[in-house]
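Student: Need coordinates for the following:
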Amino acid sequence: MSVRPRTWLLFLAILACASPALAQGRKAAAKSPDNDTCLACHGDPAAKNDAGRVIGLDNDKFTASIHGTLGLACVDCHVDLKKTTDFPHAEKLAPVNCATCHDAAVASYSSSIHAAARRQDHGSVAATCVDCHSTHEIRSSKDPESRTYPLNLPGTCSRCHGDPNIIAQGHIRIGNVAELYKDSIHGRAVSRSGLLVAANCTSCHGSHDIRQRTDPASRVARANIPATCGSCHEGIKTMYDSGVHGSALASGNAAAPVCADCHTAHQIQRADVTSWRLDVIRECGTCHADKIKTYRDTFHGQVTSLGFVRVATCRTCHPTASAGFAQYDPHADKMNAARNPVLYYAAIFMKWLLIGVFGFFGLHTALWLPRSYAARRARAQEAAKS
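Tutor: Coordinates of the predicted model:
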């Protein structure tokens, strides 16, 4: 099919008008520098600027990072360089906004104690995204090389919560929890046994929305601790809920004991070792002061203070123990007439019996002493006459 000359002329005219626009579009697209352009200056990990600050990165590590594997470009994070053609670029760049891609995580972080600290003090050392995830080497939390991999996470948190200078500068009142966790049953399970399921920092505190323990929404707020621990110890949580402590907490008694009251928070030990069994008696006494006093007066309390612990049930030590034997009251209180009337009146009787016996023989001795003295004197005089 033939094309009329006038049509060709019209086509060429349109093309001539469109060419500058197309050229300008290609020029605008070329304004976004690619990674190779950035690496021309930043590709040496030891590179520094005039102020002596390191500006280089390890491209191999970036390539292996989660951003590198996804094919992200430098300007996807450093967005103010997308239209830059003049290099070297300005020294001061806009902060990277992680919320561009990770809006949910950043929103959670904004409600955390770390974000609150930075809002209150612009010079705060509170953790930001890069403190936990790094910058150009960010890896998936499922990657064993990641800072947030379960086995590496305690070390990541320890970079702040195990540093005395940061603890002091950040006014972290609970102190060096990293050392306490390291020696706990959870810490040893991670560092020595390599158990991925062992509790680490985020298991109890969460990840991005770590909140202060006084915040009712915190995972470690007093009322929420049983549920937090129960996320791993489900069977223990069930027993706790049906026990007197769990029932008291459920009824609204905020002072009812929770897991951390008996087991502590970061320094949790095995519950089947002798040291914990001996210490738990003291822990119970912090709430039950009257009970611990009466228990200390019993045989069991006294041998416990010598370092002995219960070994199993009553029949382990008392083979013939019956059901009645198990009704022994380990907290019998001789001062409580309502609870222990027999013991109360028996104690009164024994006290007055003791007073009576000592009183009677004391009086007898007092009355006998002058007579004894007179008799001794008479014998001495008789001896002198003879």
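Student: So the residue most central in space within the chain: helix, strand or coil?
Tutor: The centroid of the chain falls nearest to residue 266 when counting by Cα atoms, centre = their mean (5.1 Å). Classification of residue 266 by DSSP: H, G, I helix; E, B strand; the rest coil places it in coil.
Student: Just to check, it is in contact with residue 176?
Tutor: No. Between residue 266 and residue 176 there is no contact, the gap being 9.5 Å when judged by Cβ atoms under 8 Å. Using the backbone N, CA and C atoms, a C-beta is placed for each residue, glycine as well.
Student: Now the residue nearest to the centre of the chain. Nearest residue, chain neighbours left out?
Tutor: Distance criterion Cβ to Cβ, 6 or more residues apart in numbering; nearest residue to residue 266, sequence neighbours excluded, is residue 180 at 4.0 Å.
Student: Are we agreed that the one you found is in a helix?
Tutor: Yes. Using three-state DSSP, the assignment for residue 180 is a helix.
Student: wait, doesn't it sit right on residue 267?
Tutor: Yes. Judged on Cβ under 8 Å, residue 180 makes contact with residue 267 at a distance of 4.3 Å.
Student: Look up the pLDDT of residue 10 for me, please.
Tutor: On pLDDT, residue 10 comes in at 45.
Student: where along the stretch 151-300 of the chain do the helices fall?
Tutor: For the stretch 151-300 of the chain, the helices defined by DSSP state H, counting those that start in this stretch cover 153-161, 164-169, 177-182, 185-191, 201-205, 225-230, 234-242, 244-250, 259-263, 274-285, 289-297, 299-305.
Student: and the first one, which residues are buried?
Tutor: By that I understand helix 153-161. 153-158, 160-161 (16 or more other Cβ atoms under 10 Å).
Student: of the residues you listed, closest to residue 196?
Tutor: In terms of Cβ to Cβ, no member of the buried residues of helix 153-161 lies closer to residue 196 than residue 153, at 10.6 Å.
Student: Residue 172: what's it in contact with?
Tutor: Residues near residue 172 by Cβ atoms under 8 Å, 6 or more residues apart in numbering: 161, 166.
Student: Which pLDDT does the model give the nearest residue to residue 58 once chain neighbours are set aside?
Tutor: Spatial nearest neighbour of residue 58, chain neighbours left out: residue 45 (4.8 Å); criterion: Cβ to Cβ, 6+ apart. Predicted confidence (pLDDT) at residue 45: the value is 91.
Student: So residue 45 is in contact with residue 56, correct?
Tutor: Yes. Using Cβ under 8 Å, residue 45 is in contact with residue 56, at 4.6 Å.
Student: For residue 254, report the pLDDT, please.
Tutor: With respect to pLDDT, residue 254 has a value of 91.
Student: An error on my part: the question was meant for residue 316.
Tutor: For residue 316, the pLDDT comes out at 73.
Student: Same question for the one 3 residues further on.
Tutor: With respect to pLDDT, residue 319 scores 81.
Student: burial measure for it, as a count.
Tutor: Residue 319: 7 surrounding residues under other Cβ atoms under 10 Å.
Student: Distance-wise, check it relative to residue 191.
Tutor: Residue 319 sits at a distance of 43 Å from residue 191 (criterion: Cβ to Cβ, to the nearest Å).
Student: and if you look at residue 105?
Tutor: 27 Å.
Student: do residue 340 as well
Tutor: 50 Å.
Student: which of the residues in stretch 342-353 are buried?
Tutor: 343-344.
Student: cool, and stretch 296-312?
Tutor: 300-301, 304.
Student: Can I get the residues you listed in a markdown table including pLDDT and distance to residue 237?
Tutor: Output for the buried residues of stretch 296-312, formatted as a markdown table (pLDDT from 0 to 100; distance: Cβ to Cβ, whole Å):
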| residue | pLDDT | distance to residue 237 |
| --- | --- | --- |
| 300 | 78 | 29 |
| 301 | 78 | 30 |
| 304 | 78 | 28 |
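Student: what's near enough to touch residue 126?
Tutor: So residue 126 contacts 113-115, 117-118, 170 (Cβ under 8 Å, 6+ apart).
Student: Closest to residue 91 out of these?
Tutor: Nearest to residue 91 among these: residue 118, at 23.4 Å, using Cβ to Cβ.
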